[in-house]
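K.L.:
Attaching a predicted model along with its sequence, questions to come.
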Amino acid sequence: MPQMSILFLAYSSVVALLYWLIPQTYRPWFLAIASSIFLASLDLISFGLLVLLTVTIYYSAQTSQPRRNYFLVISLLPLLFCGIRIAQLLQRMHEGKHWLVLLGFGFYILKLIHYRIERQAGTFREHSFLDFFNYMLFFPTITIGPIHRFEDFLRSQRRIRWDSSMFAKGLERILYGYAKVVIIANWLLSVHGMALLRKYEPQSPALQLILDSIFYGFHLYATFSGFSDVAIGGGMLLGYQICENFDRPFLKKNIGDFWQSWHMSLSSWCRQYIFLPVYSKSRNLAFAMVASMMTLGLWHEFSFRFLIWGVYHGIGILICRWYQRWLRPKFPPIENRIWKVAAQGFSIALTFAFVMIGFTIPRSASVADILQNFKIIFGL
């Protein structure tokens, strides 16, 4: 990721220094130029597509028939996303040059859909094209997220003032992010952790699969929560408060709580724009939940394994809700403190096991491998 390079640190430092030195009136323009230079220097095609979509989406709401344009845009954006993902899938299936790599595409397409829906609903206060441009191309988050909301971005922008404590916290978050990615994910887990696992490789194939998935899950968490820390810290250097993306997910007591603390900006987007509309139309909780989690899975990658991974978690959330609503009320509440702590520990362990076993799915090469791995894990 570009944000993990020394060059990005140097660029962010120069931008933050100049940003606070120039008059406040010119800061939005300076931020737009700095973000444009950042993305254009990485990939001109990605920059050109994002600018084109930003201009199109903003001015589609300014025409004399915004409602007709709204339905057109809301139909075309998901089709564009699916088309790009399918093309990338076909590209991976055939050896050769990977030419279709659009930096930040998965993040900003969801931001565009969010903006157009809420703009049509009239939930945004008055803003300019420059405000929207800076939101879409905000360089600390453009390639690694989180998927922050436009209303939060506007609120931060209107409250911007020099705050030494916020600036120091931003530097601290960036340092934490680099430590998570470089030390924990890359050095500790990828190098020494996997070497240790291979040295003392267990005889049980099931235990081997489970340990591999645990290492994969912790590596994934350290990497992407570290990316989020760098993005959030970079935003704080410029006076912007970006939404959190992870909140100790492996310590949650059920799978519903897990998804409210893992990649929170994405799960929140799916809840608002997939689950709630589907549920309001169908009145079918199971269908809406699985549709939401399938969307979340396919956002990561257009493949059967991520589709199955989304369905797996959707079913898990449904079982959890069924237990909370129908089964748990039939048992008397636990009064004993020791038993209560033990029950909470069991819930955390069960959720952790469900999540880690689920990581076997995206690690598998095919549907057949997924079935075979689950047979091994469960002794079938």
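P.N.:
Cool, got the structure. Numbering: from 1, shown residues only.
K.L.:
And whichever helix or strand residue 20 is part of, what's buried?
P.N.:
Using DSSP states H and E, residue 20 sits within helix 6-21. For helix 6-21, the neighbour count (16 or more other Cβ atoms under 10 Å) marks 8, 11-12, 15-16, 19 as buried. To be clear about C-beta, it is placed using only N, CA and C from the backbone, and glycine gets the same treatment.
K.L.:
and what of stretch 288-304?
P.N.:
Across stretch 288-304, burial judged by 16+ other Cβ under 10 Å covers 288-303.
K.L.:
Also stretch 205-217?
P.N.:
So, applying 16+ other Cβ under 10 Å, buried residues of stretch 205-217: 208-217.
K.L.:
Take those residues and write them to JSON lines, including secondary structure.
P.N.:
Listed next are the buried residues of stretch 205-217 as JSON lines, based on DSSP: H, G, I helix; E, B strand; the rest coil:
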{"residue": "208", "secondary structure": "helix"}
{"residue": "209", "secondary structure": "helix"}
{"residue": "210", "secondary structure": "helix"}
{"residue": "211", "secondary structure": "helix"}
{"residue": "212", "secondary structure": "helix"}
{"residue": "213", "secondary structure": "helix"}
{"residue": "214", "secondary structure": "helix"}
{"residue": "215", "secondary structure": "helix"}
{"residue": "216", "secondary structure": "helix"}
{"residue": "217", "secondary structure": "helix"}
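K.L.:
Can you pick out the most distant pair from those?
P.N.:
208 and 217 (15.0 Å; Cβ to Cβ).
K.L.:
Check the gap between residue 176 and residue 137 for me.
P.N.:
Applying Cβ to Cβ, to the nearest Å, the value for residue 176 to residue 137 is 25 Å.
K.L.:
Can you give me the separation between the residue lying farthest from the centre of the chain and residue 328?
P.N.:
Residue farthest from the centre of the chain, counting by Cα atoms, centre = their mean, is residue 336 at 39.2 Å. In this view, residue 336 and residue 328 are 17 Å apart by Cβ to Cβ.
K.L.:
Kindly indicate which of the buried residues of helix 6-21 lies nearest residue 359.
P.N.:
residue 8 (28.8 Å).
K.L.:
Count the residues that sit near residue 334.
P.N.:
Residue 334: 13 surrounding residues under other Cβ atoms under 10 Å.
K.L.:
Tell me the spatial nearest neighbour of it, not counting adjacent residues.
P.N.:
Nearest residue to residue 334, sequence neighbours excluded (Cβ to Cβ, 6 or more residues apart in numbering): residue 340, at 4.8 Å.
K.L.:
Ok, residue 201 next?
P.N.:
Closest residue in space to residue 201, ignoring its immediate chain neighbours: residue 208 at 6.6 Å, by Cβ to Cβ, 6+ apart.
K.L.:
thinking again about what came up before, what about the residue farthest from the centre of the chain, distance to residue 344?
P.N.:
According to Cβ to Cβ, residue 336 stands 12 Å off from residue 344.
K.L.:
what do you get for residue 321?
P.N.:
Applying Cβ to Cβ, the value for residue 321 to residue 344 is 19 Å.
K.L.:
Please identify which of the two sits among more neighbours.
P.N.:
Set side by side, residue 321 and residue 344 show more neighbours around residue 321, with 16 against 12, by other Cβ under 10 Å.
K.L.:
How is that one assigned, secondary-structure-wise?
P.N.:
Residue 321 ends up helix, using three-state DSSP.
K.L.:
Can you give me every residue that contacts residue 129?
P.N.:
Applying Cβ atoms under 8 Å, 6 or more residues apart in numbering, we find residue 129 in contact with 55, 58-59.
K.L.:
Buried ones among those residues?
P.N.:
If we count by 16+ other Cβ under 10 Å, the contacts of residue 129 have these buried: residue 58.
K.L.:
Pull the contacting residues for residue 211.
P.N.:
Contacts for residue 211 (Cβ under 8 Å, 6+ apart) come out as 197, 202.
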